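# The sequence and its predicted three-dimensional model are supplied below.
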Amino acid sequence: SQTIHQWPATLVQPVGSPLSLECTVEGTSNPNLYWYRQAAGRGLQLLFYSVGIGQISSEVPQNLSASRPQDRQFILSSKKLLLSDSGFYLCAWSVSASANYGYTFGSGTRLTVV
Amino acid sequence: SQQGEEDPQALSIQEGENATMNCSYKTSINNLQWYRQNSGRGLVHLILIRSNEREKHSGRLRVTLDTSKKSSSLLITASRAADTASYFCATRMTTDSWGKLQFGAGTQVVVTP
């Protein structure tokens, strides 16, 4: 069965510090991968998506970047965090871009920038 | 910008009652999906309805889709305290080639025992 792992679960970081959030998927190959951010009480904002190794697309200009060094690994990074980067970060995967499949989400990372 | 907008923003009901929430969207879609999110957790996929479908059932869930009105509804019958969660609709637009979903702001449902 397919599983998705996301860590850490919570993180408190000072402004200006770097960030690295990791997401890995097991039990499938060549998944589509997505990073979303959710502000408190709000919907989800798509940050990055990837359809293959090294193929990253950004939805919004911001202080963050993403990388996919391996087929089932998706990393969200920042060189210098801003207060506005606080939020709940969710990684998700789907089977195929062209089929009618839903997403499977990780359990999320609660990031607080202080 | 958000493609989907849920209504109401919050809903409070008693156990055993039905809960209905609606979702409106702006552009043509391939499919519409509903997700549940328990507090502080990831989202869980509930049901997907394709643009050529009008109604779909899964257990106590019933989803309708009206593409002419660009709207969908999610009905939870005989609600339970465990149904307390936020519910999100998400749409995959016809113009999208990468499987991206656009999420609404969600409906927060509280089911009181």
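Yep, it's here. The shown structure was predicted, so the numbers you read here are calculated from the model rather than taken from an experiment.
# Quick check: residues of chain B near chain A?
B:2, B:4, B:30-31, B:33, B:35, B:40-45, B:48, B:50, B:88, B:90, B:92, B:97-106 (CB under 8 Å from any CB of the partner chain). (Glycine included, C-beta is placed from N, CA and C.)
# Narrow the residues you listed to those that are buried.
Buried members of the residues of chain B next to chain A, counted by 16 or more other CB atoms under 10 Å in any protein chain shown: B:2, B:4, B:30-31, B:33, B:35, B:41-43, B:45, B:48, B:88, B:90, B:92, B:99-106.
# Keep only those of those residues that are in strands.
Per DSSP state E, strands hold the following members of these: B:4, B:30-31, B:33, B:35, B:43, B:45, B:48, B:88, B:90, B:92, B:102-103.
# how about the residues you listed, which pair is most distant?
B:Asn30 and B:Leu43 (19.1 Å; CB to CB).
# could you point out which element follows the helix or strand bottoming out on mean pLDDT in chain A?
Least confident helix or strand of chain A, by mean pLDDT, DSSP states H and E, is strand A:55-58 with a mean of 91. Using DSSP states H and E, the helix or strand that follows strand A:55-58 towards the C-terminus is strand A:65-70.
# Mind checking if that next one is in reach of chain B?
No - looking at strand A:65-70 against chain B by CB under 8 Å from any CB, there are no contacts, and the closest approach is 13.6 Å.
# Please name the bridge partners of the residue nearest the centre of chain A.
Chain A has A:Trp35 as the residue nearest its centroid, 3.0 Å off, counting by CA atoms, centre = their mean. Assessed by DSSP bridges, A:Trp35 has beta-bridge partners A:Phe48, A:Cys91.
# right, and it touches A:Tyr89 too?
Yes - contact between A:Trp35 and A:Tyr89 holds when scored by CB atoms under 8 Å: they sit 6.7 Å apart.
# any idea which element A:Trp93 lies in?
Using DSSP H and E, A:Trp93 sits in strand A:87-94.
# Please, where are all the helices along chain B?
For chain B, applying DSSP state H gives no helices.
# in it, what spans have low per-residue confidence?
For chain B, applying pLDDT under 70 flags the ranges B:1-3.
# rerun that using 80 as the cut-off
B:1-4, B:97 (pLDDT under 80).
# Spell out which residues of chain A are next to chain B.
A:6, A:32, A:34, A:36, A:42-44, A:46, A:49, A:51, A:57, A:59, A:88, A:90, A:92, A:94, A:96-98, A:100-108, A:110.
# so what's A:Gln62 up against?
Contact analysis of A:Gln62 by CB atoms under 8 Å, 6 or more residues apart in numbering or on different chains lists A:Leu47.
# give me that answer again for 10 Å
A:Arg37, A:Gln45, A:Leu47, A:Phe48, A:Ser78, A:Leu82, A:Ser84, A:Asp85 (CB atoms under 10 Å, 6 or more residues apart in numbering or on different chains).
# With A:Phe88 instead?
By CB under 10 Å, 6+ apart, the neighbours of A:Phe88 are A:10, A:36-40, A:42, A:44, A:108-111, B:37, B:40-42.
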